[in-house]
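# structure here, sequence nowhere to be found:
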């Protein structure tokens, strides 16, 4: 049975003085991603707050084989614990098996693997389907239940792209007047978001709203609208993450909504959980879920410092 608890509880359960000389190996899916950068910085900060804890970060550059090699290297170094932001959520089993065989606890962060966890392997993140549902409901409300929506998907190898898209489409199906007219991946990237939106505009697709799986692609859509001399006021654009760049676009009145994903809570939660596991804490949960929150221009001030 999976144990689901708030990330806020994990942080308070770990004493500020952690295990002496504890080394955590961290294999990130990629460094050149705004959200994952916030996540990485959050883990680094949490490690600095704890006595005797050091974190070693490695960049997989989106390559599954490279990331597996990094985990195997951590195992060979006999680190105390491992944290992984998976490059591909369908290809984590060999990493989990390597850590289990070595008796080293492993926690996946942000992106939920498709494999069954437990037995020394845990997860800290958020329910991505809920993010899609929140985004979908916000757009449906602003569209008054009717309009053409395009969906920008993240990397298809990640659970977040599939779940956020499914959540949004689940909501749109409740509104007969809303039609999803296009959906295609832009791989979480701003530049690809620009290209994809420009392609749709050039093809004459009638678009009333854009549901992007993350803020970077949403910002790309906004840039493409401006380049085409279409006012963002005429097309509702929504993202996920509530990154600083996204909040800047929202302050200008261009980004309609976003959904706050608490990178810092995920980061500290991952460090705290893997340290509890390294200490042999049998009460440590398998899954720690951090809630999503809707962000609009009306409440964005409360998220500016997150």
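Great, that's in hand. Source: prediction; values computed, not measured. Residues are numbered from 1 along each chain as shown.

# residues near residue 41, how many?
Residue 41 has 13 neighbours, counted by other C-beta atoms under 10 Å. For every residue, glycine as well, the C-beta is placed using N, CA and C.

# contacts only, for it.
Residue 41 makes contacts with residue 267, as judged by C-beta atoms under 8 Å, 6 or more residues apart in numbering.

# okay, it and residue 48: tell me how far apart.
Relative to residue 48, residue 41 is positioned 11 Å away (C-beta to C-beta, to the nearest Å).

# go on, residue 166?
From residue 166 across to residue 48, the span is 38 Å (C-beta to C-beta).

# equivalent analysis for residue 92, please.
Taking C-beta to C-beta as the measure, residue 92 falls 28 Å from residue 48.

# these two: which is more packed in?
Taking neighbours as other C-beta under 10 Å, residue 92 and residue 48 compare with residue 92 leading, 25 against 11.

# wait, doesn't the more buried one sit right on residue 113?
Yes - Residue 92 lies in contact with residue 113 (C-beta atoms under 8 Å); the separation is 4.0 Å.

# now do the strands in this protein.
4-6, 22-28, 53-59, 81-84, 106-109, 121-125, 146-153, 177-185, 209-212, 236-238, 258-260, 287-289, 293-295 (DSSP state E).

# can you tell me which of those the model trusts least?
The minimum mean pLDDT among these belongs to strand 4-6 (a mean of 45).

# bridging residues for residue 182?
Here residue 182 sits in beta bridges with residue 150, going by DSSP bridges.

# and the closest residue in space to residue 218 that isn't next to it in sequence, how far from residue 260?
Nearest non-adjacent residue to residue 218, counting by C-beta to C-beta, 6 or more residues apart in numbering: residue 239, 3.2 Å away. Residue 239 sits 11 Å away from residue 260, going by C-beta to C-beta.

# okay, the two: which has more neighbours?
Just comparing residue 239 and residue 260: by other C-beta under 10 Å the higher neighbour count belongs to residue 239, 32 against 25.

# just to check, the more buried one is in contact with residue 255?
Yes - the criterion here is C-beta under 8 Å, and residue 239 meets it with residue 255 at 6.5 Å.

# quickly list what's touching both of the two.
In contact with both residue 239 and residue 255: 215, 218, 219, 246, using C-beta under 8 Å, 6+ apart.

# ranking those by neighbours, who comes first?
Highest count within those by other C-beta under 10 Å belongs to residue 218, 33 neighbours.

# my guess is it contacts residue 212. True?
Yes - because the distance of 3.8 Å satisfies C-beta under 8 Å, residue 218 is recorded as touching residue 212.

# just give the nearest non-adjacent residue to residue 157, would you?
Ranked by C-beta to C-beta, 6+ apart and with sequence neighbours excluded, the top spatial neighbour of residue 157 is residue 88, at 4.3 Å.

# pLDDT wise, what is that neighbour at?
The predicted local confidence for residue 88 is 93.

# OK, contacts around it?
Counting by C-beta under 8 Å, 6+ apart, residue 88 touches 64, 157, 158.

# and those, which is closest to residue 98?
For the contacts of residue 88, the residue nearest residue 98 by C-beta to C-beta is residue 64; the value is 13.5 Å.

# hang on, isn't the closest one packed against residue 87?
Yes - using C-beta under 8 Å, residue 64 is in contact with residue 87, at 5.2 Å.

# which stretches of the stretch 51-200 of the chain form helices?
Secondary structure of the stretch 51-200 of the chain (DSSP state H, counting those that start in this stretch): helices at 64-77, 93-102, 128-142, 159-172, 190-202.

# report the separation between residue 150 and residue 228.
From residue 150 across to residue 228, the span is 14 Å (C-beta to C-beta).

# of the two, which one has the most company?
Neighbours per residue, other C-beta under 10 Å: of residue 150 and residue 228, the larger number sits with residue 150, 22 against 11.

# residue 165 versus that one, what's the distance?
12 Å.

# list the contacts for the residue nearest to residue 179 when sequence neighbours are not counted?
Once flanking residues are discounted, residue 179 sits nearest to residue 148: 5.4 Å by C-beta to C-beta, 6+ apart. Applying C-beta under 8 Å, 6+ apart, we find residue 148 in contact with 178, 179, 181, 205, 206, 207, 208, 209.
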